[in-house]
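Asker: model the following, please.
(4 chains)
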Protein chains: 2
Amino acid sequence: MTAARVSPAKTTKGEETRARILETALELFRDRGYDETTMRAIAAQAHVSLGNAYYYFTSKETLIQAFYGRTHEEHLAASAPMLATRHTLKARLAGVMHAKLDTIEPYHRFAGVLFKTAADPASPLHPFSAESAQVREESTRLFGEVVDGADARVPDDLRAELPRLLWLYHMGIVLFWIHDNSPKRARSRKLVEMSVDLIATLIAFAANPLMRPLRKAALKMIAETK
Amino acid sequence: MTAARVSPAKTTKGEETRARILETALELFRDRGYDETTMRAIAAQAHVSLGNAYYYFTSKETLIQAFYGRTHEEHLAASAPMLATRHTLKARLAGVMHAKLDTIEPYHRFAGVLFKTAADPASPLHPFSAESAQVREESTRLFGEVVDGADARVPDDLRAELPRLLWLYHMGIVLFWIHDNSPKRARSRKLVEMSVDLIATLIAFAANPLMRPLRKAALKMIAETK
DNA sequence: CGATCGTTCTGAACGTGTTCATTTCCTCTT
DNA sequence: AAGAGGAAATGAACACGTTCAGAACGATCG
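Answerer: Numbers count the residues shown, from 1 in each chain, chains lettered A, B, ... in the order given. Coordinates of the predicted model:
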């Protein structure tokens, strides 16, 4: 429940103001939605001037970037107990994925806009941008832990690529989740269950010598278009 | 090269004005990019008032919807000769996919914004919305033709889902293409080549009795989260 | 011809994200 | 204590997307 700190956390006056603006913004986003929240409203509620809000966040989108960092840290924290106690690939992956959905659930309402801006390659927010690199890499590392801590037999060539692939998979699930309006996001949960099963099965298949050519072809594709 | 008509095409005065605005808008989008093109500039260049532009297109985004329809029709046209002459699944799919990339290439620069708005579930433009339903269904039908006209052996249960799956695949490729800045979009082309290969192989595999349980599991997942 | 009515068109006005010249605040130096 | 200089904060101003009350247009009917 404690606020995660993203930027270097000297508690100068400025850092306090910055934090206050961010808290206020996320609160308003959650309650009213992104488009309905004006920068003026954020500034007012945070007791700063409009210009001052822009002194700390160069654009409204920048606030989303901060949101990324925030939920990512929460996701890490929520995943840790899963990874400490579960040892099959399937259970570990399922745990991490459900933790993800738990983490972002409060923001489902404004998650759409979130991905909206994220999909634009020109935006510093899109998942492959330099600005997102840190979060992306940490997130990928998390999926690396999912694999490495599991007792599954995974061919080395696949193991090297798997974290990236699972990260991509996880983005796909989030994309599905954004469009999911079923009660309690049941469809997304179901999809996670079933797709995790499928992935575990596929990885088991991949270790079969008969599958070697297919596996090699798939990995080659990934390598050549990286 | 003739302009594709989307709306009922009575050539009344209004239809002409509408067309003029759309042509101007697409031209400006192509040349300057989306954000850099103002509604005022479109109106001015099309010799109409700002208000009049909004009489025909209720928002700037609506112009993107029109763009969808346009490129979709061009894609259909470009795909026809492929489907008429090629008979293997691989060749047909590759033909249709390359035709797609050919069609949208001139707009690569503003395609980002295109998908930006498309990714927002609240937008009428996102691929799963009611407003996009027509284009989406027609597009899915195209992939149905790719499969049906091919001489590949495809299990019936898979055949029923394949058009939708291939449409989804095609969206993925477009997403990749958007982020692709390699010369002549070489990476996207390569990805199409290799992924089409892989898909053809997978479909061949799917017909193997040994694969039945896996195939059933995958299809079940799709069915239950539809 | 004139009246009527729906279509087409206009431009002023509003709210928003963003910028920027300027002011206020704080800390350190002498 | 005074001043210098940077950090923090201000609010007016701008450009843009969008809305709207109404004007102009044009076809149809008496």
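Asker: in chain A, what secondary structure element scores lowest on mean pLDDT?
Answerer: Ranked by mean pLDDT, DSSP states H and E, the weakest helix or strand in chain A is helix A:108-118, scoring a mean of 78.
Asker: residue A:36 - how many residues pack around it?
Answerer: 11 (other C-beta atoms under 10 Å in any protein chain shown). In short, each C-beta sits where N, CA and C put it, glycine included.
Asker: elements contacting whichever strand or helix holds residue A:69?
Answerer: Using DSSP states H and E, residue A:69 sits in helix A:60-85. Contacts defined by 3 or more C-beta pairs under 8 Å, 6 or more residues apart in numbering or on different chains; DSSP states H and E place helix A:60-85 against helix A:13-32, helix A:89-104, helix A:108-118, helix A:133-148.
Asker: next, the angle helix A:133-148 makes with that helix.
Answerer: 20 degrees (axes from the mean of the first three to the mean of the last three C-alpha atoms, to 10 degrees).
Asker: check the offset of the least confident helix or strand of chain A from the chain's centre.
Answerer: Here helix A:108-118 is found 12 Å from its chain centre; the criterion is C-alpha atoms, centre = their mean, to the nearest Å.
Asker: buried residues of it, list them for me.
Answerer: A:108, A:110, A:111, A:112, A:113, A:114, A:115, A:116, A:117, A:118 (16 or more other C-beta atoms under 10 Å in any protein chain shown).
Asker: identify, from those residues, the entry nearest to DNA strand C.
Answerer: residue A:117 (10.0 Å; C-beta to the nearest atom of the strand).
Asker: interface residues of chain A facing chain B?
Answerer: Within chain A, the positions adjacent to chain B are A:112-113, A:115-123, A:126, A:128, A:175-176, A:178-179, A:187, A:190-191, A:194-195, A:197-198, A:201-202, A:205, A:214, A:217-218, A:220-221, A:224-225 by C-beta under 8 Å from any C-beta of the partner chain.
Asker: give the contact list for residue A:188.
Answerer: A:101, A:173, A:176, A:177, A:180, A:182 (C-beta atoms under 8 Å, 6 or more residues apart in numbering or on different chains).
Asker: let's go with 10 Å and repeat that
Answerer: By C-beta atoms under 10 Å, 6 or more residues apart in numbering or on different chains, residue A:188 lies in contact with A:97-98, A:101, A:105, A:108, A:173-174, A:176-180, A:182, B:225.
Asker: just for chain A, where's the confidence low?
Answerer: The model of chain A has pLDDT under 70 over residues A:1-11, A:117-118, A:122, A:124-125, A:127-128, A:130-131.
Asker: smallest gap between it and DNA strand D, at which residue?
Answerer: Proximity of chain A to DNA strand D (C-beta to the nearest atom of the strand) peaks at residue A:51, 1.8 Å away.
Asker: show me what contacts that residue?
Answerer: residue A:43.
Asker: next one: residue A:25
Answerer: A:34, A:37, A:39, A:41-43, A:45-46, A:53, A:57, A:60, A:62-64, A:66-67.
Asker: excluding chain neighbours, what is closest to the residue most central in space within chain A?
Answerer: Centroid check for chain A by C-alpha atoms, centre = their mean gives residue A:72 as the closest residue, at 5.7 Å. Among residues not flanking residue A:72 along the chain, residue A:135 sits closest, at 5.0 Å (C-beta to C-beta, 6 or more residues apart in numbering or on different chains).
Asker: I figured the one you found hits residue A:126, correct?
Answerer: No - here residue A:135 lies out of contact with residue A:126, judged by C-beta atoms under 10 Å, at a distance of 11.9 Å.
Asker: out of these two, which sits in the more crowded spot?
Answerer: Between residue A:135 and residue A:126, counting by other C-beta under 10 Å, residue A:126 is the more crowded of the two (20 against 17).
Asker: still on that earlier bit, what about the helix holding residue A:69 and DNA strand C, touching?
Answerer: Yes - Helix A:60-85 comes into contact with DNA strand C (C-beta under 7 Å from any atom of the strand), by way of A:60, A:61.
Asker: stretch A:33-49 too?
Answerer: Yes - interface with DNA strand C: stretch A:33-49 contributes A:37, A:38, A:39, A:40 (C-beta under 7 Å from any atom of the strand).
Asker: before we move on, back to that, ok, the residue nearest to the centre of chain A to residue A:123 distance?
Answerer: Per C-beta to C-beta, to the nearest Å, residue A:72 is found 17 Å from residue A:123.
Asker: what's the answer for residue A:224, then?
Answerer: For residue A:224 relative to residue A:123 (C-beta to C-beta), the value is 27 Å.
Asker: more neighbours, the two?
Answerer: Just comparing residue A:224 and residue A:123: by other C-beta under 10 Å the higher neighbour count belongs to residue A:123, 20 against 12.
Asker: the more buried one contacts residue A:116, doesn't it?
Answerer: Yes - with contacts counted by C-beta under 10 Å, residue A:123 reaches residue A:116, the gap being 9.4 Å.
Asker: shared neighbours of the two, anything?
Answerer: Residues within reach of residue A:123 and of residue A:116 at once, by C-beta under 10 Å, 6+ apart, are A:64, B:116.
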